[in-house]
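Trainee: Any chance you could fold what I've pasted below:
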Amino acid sequence: MASAIPSPTPSPIPSSTPSSTPRSNAANAQGLDPVLLEVLACPAEHHAPLRLGGQDDPNAPSLTCTECGRVFPIRDGIPVLLLDEATSGGPSLDSAAGR
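Mentor: Got it, this is the predicted structure:
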């Protein structure tokens with residue numbers, strides 16, 4: 001008579017980011033996964049982190065580079081990280097480009 005082998009009990013998967021942080025709430029308001037926001041970076045050569053919102057409006061559907069100031073749109077919850085689609089965020093973009 002064969003004995004049944006007990007199946008392993010799955011371990012709960014810990015959440016990588018708390019759901020009550022201001023950054024994750026803002027990310028959810030823009031339709032972005034907070035974990036995705038943590039790994040996104042500017043597509044320019046410096047690859048600096050991005051923050052939610054535009055230069056003048058922190059609630060704008062966009063991501064702003066923390067180094068060069070480029071502003072990337074968020075369309076239908078999808079960040080458009082194309083340099084051709086970015087708008088200048090201010091004088092820091094011109095100085096970063098060597099103009």
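
Trainee: Now do the strands in the protein.
Mentor: Taking DSSP state E, the strands of the chain run over residues 50-52, 62-65, 71-75, 78-79.

Trainee: low pLDDT regions in this structure?
Mentor: Residues of the chain that meet the criterion pLDDT under 70 lie in 1-29, 90-99.

Trainee: which residues in it form helices?
Mentor: Remark: helices assigned in the chain by DSSP state H are 22-29, 34-39, 91-96.

Trainee: The strands of the chain: which one's closest to Thr87?
Mentor: Taking Cβ to Cβ, strand 71-75 is the member of the strands of the chain nearest to Thr87, at 4.8 Å. The C-beta positions use only the backbone N, C-alpha and C, and glycine is treated the same way.

Trainee: Can you pull out the residues in contact with the closest one?
Mentor: Strand 71-75 has contacts (Cβ atoms under 8 Å, 6 or more residues apart in numbering) with 30-32, 50, 54-55, 60-65, 79-82, 85-89.

Trainee: List buried residues within those.
Mentor: 30, 32, 50, 54-55, 60-65, 79, 81, 86, 89 (16 or more other Cβ atoms under 10 Å).

Trainee: So what's the residue count around the closest residue to Pro61 other than its chain neighbours?
Mentor: Using Cβ to Cβ, 6 or more residues apart in numbering and skipping residues adjacent in sequence, the residue nearest Pro61 is Ile74, 4.4 Å away. Neighbour count of Ile74, defined by other Cβ atoms under 10 Å: 18.
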